[in-house]
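> below are the sequence and a predicted model for it; my questions follow.
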Amino acid sequence: MTIGRPLEFDPDVALEAATQLFWSKGYESSSLQDLLSTMGISKSSFYQTFKSKHLLFQSCIQNYRKMLIDSLRAQLKEARSGRIFIRTIFDGVANETIGICARRGCLLMNTASEFSQTDPEISELVSISLENLTDIFETAIKQAQEQGEIPPSKDPRSLATYLVSSMSGLKNMVKAGADRETIKRIASIIQTPLE
């Protein structure tokens with residue numbers, strides 16, 4: 001058994017760089033040369049480590065999902081209440097209208113739109129990610145109900161699904177150019193069914 005040459009780059013750093021490129025340009029518009037340049041690796045290192053553009057993209061979606069879900073779980077744990085967590089998340093969407101990473105939309109929703117169910121593997125990854133997001137919002141809603149902030153008569157799963165779909169639409173509006181105040185007003189209206 002022969003041992004290959006040690007990697008001369010950090011695969012995690014390269015994966016994050018690829019994720020940012022896919023998020024900004026989409027899958028089809030991100031050429032192999034774009035990826036090699038952004039990731040700072042050679043073609044041989046790319047194929048040795050990531051095998052193909054498609055497998056790399058799957059890894060990027062999985063990595064993005066893990067970071068997103070871990071971050072949201074941590075925020076929910078730190079939040080004073082489930083309702084405050086939800087409000088904070090939607091306020092954060094309004095802040096996506098500014099900054100260096102502004103107006104890219106949601107990587108998961110961008111991917112869903114680009115592939116339009118034509119790739120079963122990617123579609124499944126997106127579906128799992130959305131289920132994970134819905135689970136977190138459902139947990140937050142249940143907490144808010146226990147804390148008396150959301151009426152107990154409301155169905156947590158239905159509300160969670162509504163919030164995820166509404167956030168998707170809101171992020172698409174940000175991507176299309178809506179200003180911060182408009183997004184804040186809509187975010188406030190979206191949350192009225194929680195009252």
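Noted; the coordinates are in hand.

> give me the nearest residue to Leu56, chain neighbours excluded.
Leaving aside its chain neighbours, Leu56 sits nearest to Phe50 (4.2 Å; criterion: CB to CB, 6 or more residues apart in numbering). Glycine gets a C-beta too; all of them are placed from N, C-alpha and C.

> burial count for the one you found?
22 (other CB atoms under 10 Å).

> same question, the one 10 residues further on
Other residues lying near Cys60 total 24 when counted by other CB under 10 Å.

> any idea how far Pro11 is from it?
The gap separating Cys60 from Pro11 is 12 Å, by CB to CB, to the nearest Å.

> what helix or strand is Glu131 on?
helix 120-146 (DSSP states H and E).

> please enumerate the helices of the chain.
11-25, 32-39, 43-50, 53-78, 82-94, 107-115, 120-146, 156-176, 180-190 (DSSP state H).

> list the buried residues for the fourth one?
Spelled out, that is helix 53-78. Residues of helix 53-78 classed as buried under the neighbour-count rule (16 or more other CB atoms under 10 Å) are 53, 56-61, 64-65, 68, 72, 76.

> angle of that helix against helix 32-39?
40 degrees (axes from the mean of the first three to the mean of the last three CA atoms, to 10 degrees).

> and helix 53-78, what does it pack onto?
Packing partners of helix 53-78 (3 or more CB pairs under 8 Å, 6 or more residues apart in numbering; DSSP states H and E): helix 11-25, helix 32-39, helix 43-50, helix 82-94, helix 107-115, helix 120-146.

> quick one: the last one to chain centroid distance?
For helix 120-146, the distance between its averaged C-alpha position and the chain's averaged C-alpha position is 11 Å (CA atoms, centre = their mean, to the nearest Å).

> what's the answer for stretch 21-38, then?
18 Å.

> dump the C-alpha coordinates for that stretch into PDB.
Listed next in PDB are the C-alpha coordinates belonging to stretch 21-38 (Å, rounded to 0.1, in the frame of the first residue of the first chain):
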ATOM      1  CA  LEU A  21     -18.500  30.900  -4.600                       C
ATOM      2  CA  PHE A  22     -21.500  28.600  -5.200                       C
ATOM      3  CA  TRP A  23     -23.600  30.900  -3.000                       C
ATOM      4  CA  SER A  24     -22.700  33.900  -5.000                       C
ATOM      5  CA  LYS A  25     -22.700  32.500  -8.500                       C
ATOM      6  CA  GLY A  26     -24.800  29.300  -8.400                       C
ATOM      7  CA  TYR A  27     -23.700  25.800  -9.400                       C
ATOM      8  CA  GLU A  28     -23.800  26.100 -13.100                       C
ATOM      9  CA  SER A  29     -22.100  29.500 -13.300                       C
ATOM     10  CA  SER A  30     -19.200  28.300 -11.100                       C
ATOM     11  CA  SER A  31     -16.600  26.900 -13.500                       C
ATOM     12  CA  LEU A  32     -13.900  24.400 -12.500                       C
ATOM     13  CA  GLN A  33     -11.400  27.200 -13.000                       C
ATOM     14  CA  ASP A  34     -13.400  29.500 -10.800                       C
ATOM     15  CA  LEU A  35     -13.400  26.900  -8.100                       C
ATOM     16  CA  LEU A  36      -9.700  26.100  -8.400                       C
ATOM     17  CA  SER A  37      -8.800  29.800  -8.200                       C
ATOM     18  CA  THR A  38     -11.200  30.500  -5.200                       C
END
